[in-house]
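compute the structure for the input listed below.
(chains A and B)
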Amino acid sequence: KQEVTQIPAALSVPEGENLVLNCSFTDSAIYNLQWFRQDPGKGLTSLLLIQSSQREQTSGRLNASLDKSSGRSTLYIAASQPGDSATYLCAASPGAYGNNRLAFGKGNQVVVIP
Amino acid sequence: GAGVSQTPSNKVTEKGKYVELRCDPISGHTALYWYRQSLGQGPEFLIYFQGTGAADDSGLPNDRFFAVRPEGSVSTLKIQRTERGDSAVYLCASSSTGSTGELFFGEGSRLTVL
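Residues are numbered from 1 along each chain as shown, chains lettered A, B, ... in the order given. Okay, the predicted model is just below:
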């Protein structure tokens, strides 16, 4: 069974600092790796999707890397802003099923201090 | 509508009662997923529909849980004889390209069983 771990569980940073969020997964046979954002009481918003053949994806201030062999992904958020405060969830898609059975971590809860 | 719509947003019920949760996916999306998120945890996969049929229901915890999608659009998650442990946020997601496309989540239905 795929286990996804996210470290740290929670962090606070001053505005303007870069954020580094770590995700590890136990089974390297993944179809893709996705990062989501969740605001309190809300659903999930997809941020980045990295296919298993890719090493990274970028969108604006966000960059996600994937090292399948070591079972790791990192989400970088450059020049953090108070609006980046949220929980960030990492999810691995099993190789045999595509993304219909995502295994999620518990999330990184981020607070950006103005 | 523009996004995935879930109703009710909040449901409080007594132990032993029957509950229905509804999901209206993005128009034209053929794939629909149900996930369950307990407090402080990441979402857990419940069931995946491709069109009208349940392509994968292996995440349903027991036979008290059942889901339907009779016309390939709206889906209803049904929970019989609710237990306190069923309390969670039930998230619905849809995708345009089956099992490998980007997921779009609704805001969830928060179920509280007293």
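
for chain B, which residues are neighbours of chain A?
Contacts of chain B with chain A, taken as C-beta under 8 Å from any C-beta of the partner chain, map to B:4, B:31, B:33, B:35, B:40-45, B:48, B:55-56, B:58-59, B:91, B:93, B:95, B:98-108. C-beta: built from backbone N, CA, C; applies to glycine.

list buried residues within these.
The neighbour-count criterion (16 or more other C-beta atoms under 10 Å in any protein chain shown) marks B:4, B:31, B:33, B:35, B:42-45, B:48, B:55-56, B:59, B:91, B:93, B:95, B:98-101, B:103-108 among the residues of chain B next to chain A as buried.

can you tell me which of these end up in strands?
B:31, B:33, B:35, B:44-45, B:48, B:55-56, B:91, B:93, B:95, B:104-105 (DSSP state E).

TSV please, covering those and showing distance to A:E17 and pLDDT.
TSV is the format used below for these (distance: C-beta to C-beta, whole Å; pLDDT from 0 to 100):
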residue	distance to A:E17	pLDDT
B:A31	38	91
B:Y33	35	95
B:Y35	32	97
B:E44	33	96
B:F45	34	94
B:Y48	39	92
B:A55	43	85
B:D56	41	89
B:L91	31	97
B:A93	32	94
B:S95	34	89
B:F104	31	91
B:F105	28	93
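
got the residues you listed as a markdown table, with distance to A:K68 columns?
Converted to a markdown table, these look like this (distance: C-beta to C-beta, whole Å):
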| residue | distance to A:K68 |
| --- | --- |
| B:A31 | 24 |
| B:Y33 | 24 |
| B:Y35 | 24 |
| B:E44 | 23 |
| B:F45 | 21 |
| B:Y48 | 24 |
| B:A55 | 25 |
| B:D56 | 23 |
| B:L91 | 27 |
| B:A93 | 24 |
| B:S95 | 22 |
| B:F104 | 25 |
| B:F105 | 25 |
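
with that, I have no additional questions.
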